[in-house]
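**Q** Turn this into a structure:
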Amino acid sequence: MAFIPRIYVASDRIADGKAYIDGSDASHVLRVLRKELGDELHICDMHGNSYNATIVEITRDGLYALLGEPEKQNNEMPFRVSVYQCFPKGDKLDTVIQKAVELGAYEIVAVMSERCVARPDSKAFAKRLERLKKISESAAAQCGRSIIPEVRGIIGYAEAIKEISEKDIGFICYEGDGTLPIKTLLSETPQTIGFLIGPEGGLSERETATAKENGISLAGLGKRILRTETASSYVLSAISVLLEM
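**A** The predicted model follows:
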């Protein structure tokens with residue numbers, strides 16, 4: 001069976017039964033995949049609708065694809081999970097985003113905490129953010145997501161705590177004492193979940209105290225201490241098993 005690429009198209013680019021694709025997506029389809037008139041695509045409108053489509057026109061700047069009947073996809077979690085990842089060293093954030101998207105996260109937020117070793121400024125991170133969003137898009141296409149999970153940041157720890165406190169279920173993943181099992185925290189199905197993973201050096205006592213003061217629980221991740229780039233995958237898998245399956 002021939003490979004049919006999955007392309008995400010904003011709803012304002014869909015009209016009169018056709019989708020217009022330009023920019024890097026069009027370049028990828030036409031120059032990398034070498035698709036031509038009459039070839040098939042799989043179009044997602046990022047609102048849960050997917051279309052089998054056929055390339056009917058190629059322009060200087062892009063292409064038009066004729067859409068078939070919309071099919072409602074049901075491959076998203078029935079709740080929105082936000083992953084707050086304290087900024088890790090090297091390219092670990094790339095891995096966190098890729099795996100979080102595959103495991104159903106709605107968004108991934110980069111957070112700056114006290115013990116983050118890597119501390120890029122806003123200008124440096126803005127350049128990197130575009131590549132991180134491409135990683136999210138690629139992972140979403142690979143695993144058949146209906147949406148491209150948002151990647152944003154860098155936000156401060158206090159702002160992250162505020163956002164997590166506003167979720168239906170929010171918790172901080174912590175390797176110290178005074179934690180609750182994730183199973184206890186996920187006793188009912190919410191609409192929104194937010195959790196934070198600390199950096200390589202962990203969270204400080206002041207940071208965990210701030211979480212508690214804002215009504216956020218500390219969650220333990222079992223008997224073994226996980227790497228920062230592994231922890232979010234563990235939590236997302238637990239959420240899926242406990243609430244989705």
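**Q** E175: what's it in contact with?
**A** G202, G220, L221, I225 (Cβ atoms under 8 Å, 6 or more residues apart in numbering). C-beta: built from backbone N, CA, C; applies to glycine.
**Q** out of those, who's nearest V81?
**A** L221 (15.7 Å; Cβ to Cβ).
**Q** ok, and what's touching stretch 157-168?
**A** Stretch 157-168 is contacted from outside by 79, 82, 84, 86, 109, 111-114, 155, 170-172, 190-196, 207, 210-211, 214-216, using Cβ under 8 Å, 6+ apart.
**Q** show me the biggest helix of the protein in terms of residues.
**A** In the chain, taking DSSP state H as the definition, the longest helix is helix 122-143.
**Q** Report the buried residues of that helix.
**A** For helix 122-143, burial by neighbour count (16 or more other Cβ atoms under 10 Å) applies to F125, R128, L129, L132, K133, I135, S136, E137, A139, A140, A141.
**Q** Next: stretch 57-73.
**A** In stretch 57-73, counting by 16+ other Cβ under 10 Å, buried: G62, L63, Y64, A65, L66, L67.
**Q** Out of the residues you listed, name the ones that lie in strands.
**A** Among the buried residues of stretch 57-73, the members found in strands (DSSP state E) are G62, L63, Y64, A65, L66, L67.
**Q** and R227, how many neighbours does it have?
**A** 12 (other Cβ atoms under 10 Å).
**Q** I meant to write G17 there.
**A** Neighbourhood size, G17 [other Cβ under 10 Å]: 11.
**Q** Now do it against S165, distance only.
**A** G17 sits 45 Å away from S165, going by Cβ to Cβ, to the nearest Å.
**Q** Check the closest residue to R119 other than its chain neighbours and give its pLDDT.
**A** Leaving aside its sequence neighbours, R119 sits nearest to M112 (Cβ to Cβ, 6 or more residues apart in numbering; 6.8 Å). The model reports M112 with a pLDDT of 96.
**Q** how about the strands in this protein?
**A** Under DSSP E, the chain gives strands at 6-8, 14-15, 18-22, 40-44, 49-58, 62-67, 71-72, 80-86, 107-112, 150-156, 169-173, 180-181, 192-197, 217-220.
**Q** Comparing the ones you listed, which yields the minimum mean pLDDT?
**A** Out of these, strand 71-72 stands lowest, with a mean of 82 (criterion: mean pLDDT).
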